[in-house]
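A.B. asks: Dropping a prediction and its sequence here:
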Amino acid sequence: MAEDLFAKAKSAMRKAHAPYSKFPVGAAIRTTDGRIFSGCNVEVVSFPEGWCAETTAIGHMVMDGGGRIAEIAVVAEKLRACSPCGGCRQRIAEFATPQTRVHLCDARTGVVETVTMGELLPHSFATDSLAGVEE
Ligand code: THU
């Protein structure tokens, strides 16, 4: 089921622009209406200006009209199970629910572990947080 997402994430990983870290990453999103978007990390010589694979994939989803994330797969060439960084957890959460599945993949074998956004980002700062506390 998530294997097609893994395949998309892996082919995105092969497009990574990661000349500084030499740590290629790929991500693929399935939206709740069945569309798939992928992305790779893009590094910049001024290091903080680079961005993550998940961020590229989210940008593609937004440019296609937006949507909600049903599941997302992440794969890194050099890691057995690449977990989204803190910033990407917040970005994914923007378009997800605590039940959204996050597949951590091994580039050779596929999905190693599936976790939820609720597990990755508990007690999150969420859209309804902006409303503040009702007196
Ligand atoms: N990276 C991602 O693309 N996604 C993550 O969730 C973790 C880190 C990238 C950023 C940078 O280009 C490289 O991996 C090393 O940190």
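C.D. replies: Arrived safely, thanks for sending. Numbers count the residues shown, from 1 in each chain.
A.B. asks: where do the helices sit along the chain?
C.D. replies: With DSSP state H, the ranges of helices along the chain come out as 3-13, 53-63, 86-93, 117-120.
A.B. asks: what's near enough to touch the residue positioned nearest the centre of the chain?
C.D. replies: The centre of the chain sits closest to Glu54, judged by CA atoms, centre = their mean, with a distance of 3.4 Å. By CB atoms under 8 Å, 6 or more residues apart in numbering, the contact list for Glu54 reads 27, 39, 72, 74, 84, 88, 91-92. Glycine gets a C-beta too; all of them are placed from N, C-alpha and C.
A.B. asks: Also Glu43?
C.D. replies: By CB under 8 Å, 6+ apart, the neighbours of Glu43 are 17-21, 50.
A.B. asks: What is the end-to-end distance of stretch 79-92?
C.D. replies: 20 Å (CA to CA, to the nearest Å).
A.B. asks: What residues does this protein have near the ligand?
C.D. replies: Neighbours of the ligand within the chain, by CB under 6 Å from any ligand atom: 18, 21, 23, 25, 41, 43, 50, 52-54, 84-85, 88.
A.B. asks: Out of those residues, grab the one that's most surrounded.
C.D. replies: Ala53 (30 neighbours; other CB atoms under 10 Å).
A.B. asks: my read: that residue touches Phe23, true?
C.D. replies: No: assessed by CB atoms under 8 Å, Ala53 is found out of contact with Phe23, at 10.2 Å.
A.B. asks: intersection of neighbour lists for these two?
C.D. replies: Asn41.
A.B. asks: how about the strands in this structure?
C.D. replies: 25-31, 36-40, 69-76, 101-106, 110-116 (DSSP state E).
A.B. asks: on that earlier part again, will you turn the helices of the chain into a markdown table that also has mean pLDDT?
C.D. replies: Output for those, formatted as a markdown table (pLDDT from 0 to 100):
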| stretch | mean pLDDT |
| --- | --- |
| helix 3-13 | 97 |
| helix 53-63 | 98 |
| helix 86-93 | 98 |
| helix 117-120 | 98 |
